[in-house]
Structure formats: C-alpha cells, structure tokens
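Colleague: Got a predicted model here, sequence first, then my questions.
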Amino acid sequence: MTDCLFCKIIAGEIPTSKVYEDEFCYAFKDINPQAPVHILVIPKKHLASVDEIDCENSIYVSKIFQVIPSIAKNAGLLNGYRVVSNCGDDACQSVKHLHFHILGGRQLSGEMA
C-alpha cells in the first residue's frame, strides 16, 4: 500500500529507531511511548488489522510471536511485558496496518480498558 505509514517504514522511506528486522517483520521504538519500553512489531506484508489474519498469511503473525520474546529480552524486559494489538476505530487503531505493541519497563496497570 503506497499510502500506509508502516509500509513506508518497511520500504525505508521513513526513518525509525529499528530494533529488529527479518524477512517477515520489522520492529522499532514507538515515537509516542506509553511505557518506558514501547516497541512496535509489524508484519512486512500489509494486513489492515487482526481481522485480516487468515490461514494464508498467518505465518507473519506466527513469526512475529516467535521473535517477540527475544525483542523483549534484548530491550531489558526481564520481569514481564505486555503485547497489545488494537483492532478498528473503537479500539483506537491509529495506523491501519497490523501491529503489535510491546510495552514494559515498569509495573503496568492491571486495568485493560
């Protein structure tokens, strides 16, 4: 998608603070962190949200969840972290490209809403 912010990041058109990259995903520091450590992990294939995951593209999500533990460990998140994906307008999904937030670096609130 030519107008997608995250697709432009993957293409190298927009600089980021990259923390990880492989053939399936790209991870970078969030520019508006909600915790001391806030990393976004995005698939290199454009999927608008969780709603678009199916058996043909789920390999991207599988690969992301295989690398999240090492990304978290490398970021110093040894005492736990949260993984979140917002889906749709009511969940405040700001970029319509599937992404997962890794949040940690302090005791997070027990409230999820």
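Modeller: Right, received. Where do you want to start?
Colleague: Quick check, residue 92 in contact with residue 86.
Modeller: Yes. Residue 92 is within contact range of residue 86, at 5.6 Å (criterion: CB atoms under 8 Å). Using the backbone N, CA and C atoms, a C-beta is placed for each residue, glycine as well.
Colleague: In terms of neighbours, single out the busier of these two.
Modeller: Counted by other CB atoms under 10 Å, residue 92 and residue 86 do not tie: residue 86 has more neighbours, with 17 against 8.
Colleague: The more buried one reaches residue 96, doesn't it?
Modeller: No. Between residue 86 and residue 96 there is no contact under CB under 8 Å: 10.4 Å.
Colleague: got any residues that touch both of the two?
Modeller: By the contact definition CB atoms under 8 Å, 6 or more residues apart in numbering, residue 86 and residue 96 are jointly contacted by residue 49.
Colleague: Could you list the residues in contact with the longest strand seen in the chain?
Modeller: Secondary structure of the chain per DSSP state E: the longest strand is strand 37-43. Here strand 37-43 makes contact (CB under 8 Å, 6+ apart) with 6, 9-10, 19-20, 24-30, 57, 60-61, 63-64, 67-68, 71-72, 75-77, 81, 97-105.
Colleague: looking only at pLDDT, what's the mean for that strand?
Modeller: Strand 37-43 comes out with an average pLDDT of 98.
Colleague: What strands line up against that strand, and which way round?
Modeller: If you go by DSSP bridges, strand 37-43 pairs up with strand 25-29 (antiparallel), strand 100-104 (antiparallel).
Colleague: model confidence over the last one, on average?
Modeller: Per-residue pLDDT over strand 100-104 has a mean of 98.
Colleague: cool, the first one as well?
Modeller: The average of the pLDDT scores along strand 25-29 is 98.
Colleague: Just the buried residues of it, please?
Modeller: Across strand 25-29, burial judged by 16 or more other CB atoms under 10 Å covers 25-28.
Colleague: Name the residues that touch that strand?
Modeller: By CB under 8 Å, 6+ apart, the list of residues contacting strand 25-29 reads 9-10, 16-21, 38-44, 60, 63-64, 67, 71, 102.
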